[in-house]
Structure formats: structure tokens, C-alpha cells
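**Student:** Turn this into a structure:
(2 chains)
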Protein chains: 2
Amino acid sequence: MKEAAQAIRNASSVVITSHIKPDGDALGSSLALLRIIKALGKKCRVISPSHVPCGFLFMLEYEDEITRYQPERDDRIIEEADLFIILDCSDLSRSGEVGKKMLKFETPIMVIDHHSTNESFGEYNYIIPDASSTGALVMNVMDELAIPLTLSIAIPLYIAIVTDTGDFNYPSTTSRTHEKAARLLEVGVKPYEIFRKISLDRTIDFIRLAGLAIFNVQLAHEQEIAFSVISYDLYRKFTPRIDELVMLPPYLLTIRGVEVGVLFLEFDPGHILVDLRSQGLINVAKLARNLGGGGHSGAAGVRMRGEMPDIVQQVIHAAGERLDRAHRKGADEARRLKILGRT
Amino acid sequence: MKEAAQAIRNASSVVITSHIKPDGDALGSSLALLRIIKALGKKCRVISPSHVPCGFLFMLEYEDEITRYQPERDDRIIEEADLFIILDCSDLSRSGEVGKKMLKFETPIMVIDHHSTNESFGEYNYIIPDASSTGALVMNVMDELAIPLTLSIAIPLYIAIVTDTGDFNYPSTTSRTHEKAARLLEVGVKPYEIFRKISLDRTIDFIRLAGLAIFNVQLAHEQEIAFSVISYDLYRKFTPRIDELVMLPPYLLTIRGVEVGVLFLEFDPGHILVDLRSQGLINVAKLARNLGGGGHSGAAGVRMRGEMPDIVQQVIHAAGERLDRAHRKGADEARRLKILGRT
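**Tutor:** Have a look, this model is predicted:
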């Protein structure tokens, strides 16, 4: 980490990127690091492979603070940078077109991440698999660089931590996580204001569709799998923001005894998003990977093509087989936490 | 607070109670204080005016650690105690039959609470209105008594704090709250284990009814009020645990622009539970009090008798009037937080 901090000190122009479909940690850690590097008096840009979801736009202090990659505007900036920093990405392909572009230069890449599957693909790698979030690691870099914690840096750090720990509930939450949160609140972060902006801002379309999806929940594999199906017709009728739908699969896990929750969403005719959650008995990242997707041990996804009934059958069957195997191995709490710890 | 600690030191037999329909803070702070006082080598009992909801039974290390008041068994224990401690109760009537019984004796009463409406009705009063939870205050008492923090004390303290701060999101959450949480995790509290037991244990009946109630949400008063109606027929069809239904009203507030969420539940023919939530523009405790109920500024309730359409109309009308008044006064963020701070 000292090496990473030194590389930042030596750089004069930095480009930061993160992963496609950015979440609170990707956006929060990028924005915090941008502000930290600017506080060092250096040139810095965040170029994202995807748009900032509108639910997170409030984080930005000016409109262009995080921009979606546009070759005609950004290629020169990428070419002129002397350091690339890739945040919260287990491999370069997750950073989409920006990562591809970066590979065309000899510019050193720094990786800051907490995914256990990260293969340290940078010249500099600060990878702590059991960290609560990439934001927590950026906070360590800030301390190493002796940049004082301001509210402007604290807000995105808090968003990174609070979203990636599921409100301080996931197994990666430790006393260090709370100590970090205490420091962030100390400089003026108001948790309820952020909670309102992140969690209390759903569209009525989302709420209605969520209600139907929750009502239509079905149980399979001796009630260990809860799943819900949203057909294209239903999705089209309500048209919620797709970034809101991430709210739904965790809800399926709240049913007593359910180990795996699956949402099947036909977002285009014949195109199905399969969103998987696990309580830790099985690693759904492995399941998703076998089907062509990816993710975390407790939350993963895959896009599939075909008829809904076939895909439901295929995914439920694959999950059921993994559950059977897990039961045969025995499933104590320590093992669950170990699986869920593999973010 | 030093005075309260001294009174505990001087006591030899203590009875602790809390409020009817106990929540995580009532149960967690009672249980933690019981274990603290027992660590001092004193006799202590928790006598609750209500049952422990089954979702919280996992907190108990033995079945009788918190018991519901039974006169034939408990009256002698109450009579022989030399100190009563009433936790998380803004007035004695909230502690039901146990409080009534206590009033019959000259035994000194100690009040530990964080409700701003608390009128300091004890001989000893340790009341901090902006504390995150009564559990946080019990933790301070523990420190004052120099009782070492063990896992057995930390678990109920954590449950008190995490439930009463809405997973560290409500305005009462400060850096001190996170510092306390950090200490609790330090001695071995596993947040995810507690999250699973508290939040991931819904019945399928609750999930289906919740889905319907969410789907059926209606908007009123220029979309500032979101409400959902569960008729007796519907409630009877699904029969969820009534303590699970507390999950539902917060969900109504997640809709963008909604200031007040109301769930109307007909739990017996003609008997309607009205559960109110506010984003801070209005104080729903006042609204509930006018209708014969009570609660917090952000979460309150009242039981009413009559026909559903009349009651819906009456409550929506009263909430709408208060919203209009609040708008006329102006409603900045600081004012909202002040209202919500009035726990």
C-alpha cells in the first residue's frame, strides 16, 4: 500500500476507472480517490465505462465529475496520463471499453480492490480480499498520503462503505469498518440524508413491480430456493429503472429457511437477467460463472438467452445440485461465513 | 448517570421492565442490563409486560431470561426488590401491568430512556433524548460500573443499537454510535449472524401479504402520502405474524417524494391498526396522539374502531392538513432532522 501511495505521489496526471454497471462502492471509491488526488494538486479524471445511475447523481459536486467514456473526448486524456487506477474490478474485462483502451498504452496500472478473485493484474496491486469495500481501502490510501479527511471526501467514502456492507450487516463488516464510519460521521456525514437519497427514492413503477414480484414468489428444492419471474410483458408495463431492480433479490432471502434467491427478469424478449443471492451455503459466483456470468459469492448474476421456462428450470436445477452437495459436506455457520467472506 | 450507577451498586435485588410490544431496543437493553447486574453478583429479573416476539427469542441464553409478567409468580419478586429499573419507556403507562404493580410499592424507580417525551418520572433518571437507543445508554452504565464487556452483554447491546438506528441510518446515529458498534464487534459480535436472525426470517405468508400490500399502494395528497390497506379478509387469508408487519410501513416511505407512509391493517373485524411513518416533514407522534395513539416523531401508531373507508379518509385528511401546515412553515433539511431527532 505504501508502494501504491508512492506511485500516486510520483504521478502528475491520473485516470481512474471502475467497473461497468457501477454500484455505490465503484462510484464512491472513484469519487473519493479523485478528490484525494486533486487535493495533492495533481490532474485527475474519472472515466467510467458506464453512466452514473441516476440514483447516485447526487454524489457529484459538478456534472462532469464522473463521465461515461467518450473516445473523441477522453482518448487524449487517457494517452497523456502517467498512471491508471482501476478500482473495485476483479479483472480488466469488467472495466469495459476504458480498460481495453488503457491496455493499448505502456502506462502503469494500479489496482485497488477487495474481490478475492482479483488476480493482481496491475503494476501496483493493493488488494485486500476481506476488506469491507474498495472505499475502505481508498481511505487507507488517503491516510498514507496524509490527505486530511474533508466532508467532500467523507461522503463518497461513506457511500462506498454503507452500500457494500449492506448497511453494516454483511460478514465483511468488522470493528475497523465501524471505526472508519465513526471518522466519516465526525467530519459531518449525515447518515439519514444519504439513506434518504439512496434508499428512499424508488419510483412508483418499481414499487408496484416489486410488490407483484414479491407476491409471486415461488419456492423450490424443499423451500431452500425462492424465485420470482418477471416476464417481458410485465416489465414493459411498469418500466422501472433497471438499477432499482437490484433491490429485489435480497428480499427473496428474507424468507425463513431460504438459502438461494433468484430473480428472473426478461428485460428484452428472449433476453433474461438472472440475479442470484446466497445465504452462504453455496457460492453463487461459481454457479453464475458456469452459466457465463459472474459476481460475488453471495450476490451474482448472468444474462441468458432463451425461453423463460427453460432458463428457470436450468438455473433452479443447477442451484439445487449445489445445495445438495453443500448439505452432503455439512454446513456450519463458520463455513457459511467463509463462503460469504469471499467477496 | 453516576448517580444511577451508584444506585445499582447499592441495590441487592433489582427488577427490570420495559414497554409493551417490546422492540429490539426494549429487549436488548433489558437483557444487557440484566447480565450486567448479574455480573455485579446481584439478584436481578426482567419482567416484561408482553411476550418476547418469536423473532427475538434467539437472544435468550435460557428460556426464562425474560418472562412475561404472571402475578402469581412475579408479584413476590417485585415486592422483594429494592430497585426497579424501567427502560425505553417515555411514561409508566407504556410499561403496562408491570409498571402499575411497581407503583404500589415505595421502591425507588430508575428510568433509563432516550425518548424526548420522557418526563423523568423516576427517583433516578438517566435520560438522553438524542441517544441512538436505550441500549447505548445501558452501555454507558456498564462502563460506569466498570463491568467488562463480554460477548454475552455485547450481543443484546448490538441488537438494541442496530434495530433502533435502522441499521445505523436514522438521524440519531453519530460517530459515537459507530464507536460503540466497533467495541461490540471487537468482542465477537458477528453482524451478519444477527442480521440473518432478525431480518432474514420472514414467513412466506408475510412475504406474500407484503407483496400484495406493496403492489396495492395508493398515493394521496399530491403523492406525498403513500398508503396501503389490508382488509380483515386478506389478513385472515395469510395470517402472518403480527410482529412481522412492522416491516411494511417503512417500505412505503421508499417511494420518491413520499413524506408520510400509512398502513391500515384490519386485524379483527372493525378493529384497525394504523401504522404511520414520516420522513420528518411532520411529526406523526402528534398525529397519532390526536387520534388516541402514540409513538415517535418518525414512527407512530394508533388502534381505531370503525369502517375501513372512514378511517382511511380520516387519517389521510389529518395527515394532509399537517403536511399543508408544514409546507406553509417551510421545510428545510435541518427542520426535518430536528423533527426526526425527537424520538
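
**Student:** What number of residues are in the vicinity of the residue lying closest to A:R256 once chain neighbours are set aside?
**Tutor:** Spatial nearest neighbour of A:R256, chain neighbours left out: B:D201 (4.8 Å); criterion: Cβ to Cβ, 6 or more residues apart in numbering or on different chains. Where C-beta positions appear, they are placed from N, C-alpha and C, glycine not excepted. By the criterion of other Cβ atoms under 10 Å in any protein chain shown, B:D201 has 18 neighbours.

**Student:** pretty sure B:D201 is touching B:G55, no?
**Tutor:** Yes - at 6.0 Å, B:D201 and B:G55 qualify as touching, with contact defined as Cβ atoms under 8 Å.

**Student:** doesn't A:F227 fall inside a helix?
**Tutor:** No - if the criterion is DSSP: H, G, I helix; E, B strand; the rest coil, then A:F227 is strand and not within a helix.

**Student:** So, low pLDDT: which residues of chain A?
**Tutor:** A:331-333, A:341-343 (pLDDT under 70).

**Student:** same thing but at 80, please
**Tutor:** A:116-117, A:241-247, A:249-250, A:295, A:330-343 (pLDDT under 80).

**Student:** Which parts of it are helices?
**Tutor:** Assigned by DSSP state H, chain A shows helices spanning A:2-10, A:24-39, A:71-80, A:96-103, A:134-144, A:151-164, A:175-186, A:191-199, A:204-215, A:232-238, A:248-252, A:284-290, A:308-329, A:333-341.

**Student:** Quick one, which of those helices gets closest to B:P240.
**Tutor:** With Cβ to Cβ as the measure, helix A:204-215 is the member of the helices of chain A nearest B:P240 (12.8 Å).

**Student:** Is chain B within reach of that closest one?
**Tutor:** Yes - using Cβ under 8 Å from any Cβ of the partner chain, helix A:204-215 reaches chain B at A:204, A:207-208, A:210-215.

**Student:** For the residues you listed, please prepare a markdown table with the additional fields neighbour count.
**Tutor:** Supplementary listing: those in a markdown table, determined by neighbours: other Cβ atoms under 10 Å in any protein chain shown:
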| residue | neighbour count |
| --- | --- |
| A:I204 | 17 |
| A:I207 | 25 |
| A:R208 | 18 |
| A:A210 | 26 |
| A:G211 | 20 |
| A:L212 | 18 |
| A:A213 | 26 |
| A:I214 | 25 |
| A:F215 | 18 |
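
**Student:** Closest one to A:R176 out of these, please.
**Tutor:** A:A210 (33.9 Å).

**Student:** In contact with that closest one, which residues?
**Tutor:** A:202, A:240, A:247-248, A:251, B:211, B:214 (Cβ atoms under 8 Å, 6 or more residues apart in numbering or on different chains).

**Student:** Quickly note the distance from it to B:G294.
**Tutor:** Look at A:A210 and B:G294: by Cβ to Cβ, to the nearest Å, they are 31 Å apart.

**Student:** ok and the residue in the stretch 1-150 of chain A nearest chain B?
**Tutor:** A:G55 (9.7 Å; Cβ to the nearest Cβ).

**Student:** Can you name the residues that contact A:V284?
**Tutor:** By Cβ under 8 Å, 6+ apart, A:V284 lies in contact with A:260, A:276-278, A:295-300, A:319.

**Student:** out of everything not next to it in sequence, what's closest to A:T174?
**Tutor:** B:L185 (6.0 Å).

**Student:** Give me the neighbour count for the one you found.
**Tutor:** Neighbours of B:L185 using other Cβ under 10 Å come to 21.

**Student:** A:H51 is in contact with A:Q70, isn't it?
**Tutor:** No - judged on Cβ under 8 Å, A:H51 makes no contact with A:Q70 at a distance of 11.4 Å.

**Student:** Have a look at the two and say which one is more surrounded.
**Tutor:** More crowded of A:H51 and A:Q70, by other Cβ under 10 Å: A:H51, with 14 against 10.

**Student:** Now for the closest residue to that one other than its chain neighbours, how many residues are close by?
**Tutor:** Spatial nearest neighbour of A:H51, chain neighbours left out: A:R68 (5.0 Å); criterion: Cβ to Cβ, 6+ apart. Residues lying near A:R68 (other Cβ under 10 Å) number 14.
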